[in-house]
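When you get a sec, could you give me coordinates for this:
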Amino acid sequence: MMREARTSLREHRDRLMSTGLAWVRQARRFQAGINIVCVMGGAALAGVGGAMEGGLAPASGDGLITVKGLCVWLGIGLVFVGGILLLLLRDEAPELLARAAALEREAQKFLDERDSLLAGLDSAAALDRKRLALIDANRTMREALEQALLVPEATPGVASHLMLQTALRFITASIGFDADEEWAISVFQVQGEGDEAVLNRIAAARADRLSEQNNPRSWKRNEAFVGAAWHSARDLIIEDSSDPQVTQDYPVPRDKQRDYDTGRYRSMAAIPVRLGAEPRIWGVVAASSNHVGRFRRDPNNRQVQTVDTVRAMARMIALMAAAFERSKG
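Coordinates of the predicted model:
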């Protein structure tokens with residue numbers, strides 16, 4: 001619609017300019033004719049008449065005017081008529097075209113302001129849709145947890161998988177993944193004790209659904225991004241993993257490196273799952289993308305919801321973990 005309005009405006013401007021230029025050319029042709037026929041012809045006729053012998057009027061009563069008088073007065077009349085016509089045909093086209101161009105600039109300015117306003121409205125509408133998706137994701141995960149708790153054989157892994165898969169379309173809409181984006185969402189649980197404790201993946205969802213069943217990697221404390229989030233007990237937000245400082249701060253053991261890591265995990269949010277009054281780390285919820293800047297720290301921008309969605313998932317997983325631990329006790 002905006003593009004059509006711009007095209008219509010330009011077409012109208014072009015028609016106006018074309019019509020104005022045609023009018024200018026026509027008026028100039030008339031001016032040339034008037035100059036030749038009326039002004040120059042009239043002056044020549046009056047000059048010829050003036051050069052004739054005798055008076056302008058006959059001395060006797062035969063006739064009202066002589067040939068000389070006729071030439072002189074006719075020449076003067078032609079010059080006078082030519083002057084009037086030239087006055088009427090005064091070239092006002094440049095001024096009119098300048099006004100049309102000014103109006104076109106004003107209309108263009110209006111369209112630019114309207115485009116900006118509509119873009120802001122579209123952004124606000126998109127944000128509303130993402131916020132509604134986050135609400136639906138929370139609701140759906142809670143309902144899935146309630147269903148899982150009714151199954152005696154259910155485990156945290158089964159419940160996490162059910163919660164993630166049931167709410168996946170709302171989660172991806174809330175984060176705002178693009179159709180061509182290679183993303184992954186994983187739930188890790190701390191398993192084992194002491195130095196033997198590792199983060200094992202118990203649930204996952206990927207853009208490539210077939211790869212969800214691939215053998216996952218386990219992570220020790222301070223290994224890679226999720227291991228660092230576990231070790232520090234703090235949210236870890238990576239905007240671009242190709243930054244040399246990021247590579248240095250969060251090294252991946254050589255035996256756990258993959259060729260696709262640098263391309264697939266360009267941006268990440270790893271959020272610890274905390275339990276208890278004195279929080280202990282139960283696990284980590286991690287989301288990644290191959291798009292740089294998908295996850296970033298921007299606390300002053302309330303429109304950024306990507307990290308908030310992962311935090312909401314971590315809270316729901318914490319609720320699930322607490323429910324299972326309570327049922328065991």
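
State the distance from residue 83 to residue 187.
With distances taken as Cβ to Cβ, to the nearest Å, residue 83 is found 94 Å from residue 187. To be clear about C-beta, it is placed using only N, CA and C from the backbone, and glycine gets the same treatment.

who has more neighbours, the two?
The neighbour comparison of residue 83 against residue 187 (other Cβ atoms under 10 Å) goes to residue 187, with 27 against 14.

Give me the distance between the more buried one and residue 161.
8 Å.

Now do the shared contacts for the two.
Common contacts of residue 187 and residue 161 (Cβ atoms under 8 Å, 6 or more residues apart in numbering): 202-203.

ranges for the strands of the chain?
Taking DSSP state E as the criterion, the chain contains strands spanning 183-191, 198-206, 236-238, 267-275, 280-289.

Would you reformat these as a markdown table and include distance to residue 138 and mean pLDDT?
Below are the strands of the chain laid out as a markdown table (distance: least, Cβ to Cβ, whole Å; pLDDT from 0 to 100):
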| stretch | distance to residue 138 | mean pLDDT |
| --- | --- | --- |
| strand 183-191 | 15 | 96 |
| strand 198-206 | 16 | 95 |
| strand 236-238 | 21 | 94 |
| strand 267-275 | 15 | 95 |
| strand 280-289 | 14 | 96 |
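
With respect to residue 154, which of the ones you listed lies nearest?
strand 198-206 (12.2 Å; Cβ to Cβ).

I'd like to know which elements that closest one is packed against.
Here strand 198-206 touches helix 156-166, strand 183-191, helix 224-232, strand 280-289, going by 3 or more Cβ pairs under 8 Å, 6 or more residues apart in numbering; DSSP states H and E.

Show the average pLDDT along the third one.
Going back to what we said before, that points to helix 224-232. For helix 224-232, mean pLDDT is 94.

go on, the first one?
Averaged over helix 156-166, pLDDT sits at 95.

What are the buried residues along it?
156, 159-164, 166 (16 or more other Cβ atoms under 10 Å).

Pop the domain breakdown of the chain in here.
The chain resolves into domains spanning 2-91, 136-328 when parsed by automatic domain parsing.

Throw these into a markdown table and include distance to residue 113, thanks.
Listed next are those as a markdown table, based on distance: least, Cβ to Cβ, whole Å:
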| stretch | distance to residue 113 |
| --- | --- |
| domain 2-91 | 11 |
| domain 136-328 | 21 |
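
mean pLDDT for those domains: which is lowest?
Minimum mean pLDDT among the domains of the chain: domain 2-91, a mean of 65.

Next, count neighbours for the nearest residue to residue 264 once chain neighbours are set aside.
Excluding the flanking residues, the one nearest residue 264 by Cβ to Cβ, 6 or more residues apart in numbering is residue 290, at 5.4 Å. Around residue 290 sit 18 other residues, with neighbours defined as other Cβ under 10 Å.

Check the domains of the chain for me and report the most buried one.
domain 136-328 (a mean of 17; mean count of other Cβ atoms under 10 Å).

on that earlier part again, the residue nearest to residue 264 contacts residue 268, correct?
No. Residue 290 lies out of contact with residue 268 (Cβ atoms under 8 Å); the separation is 10.5 Å.

Cheers, nothing more for now.
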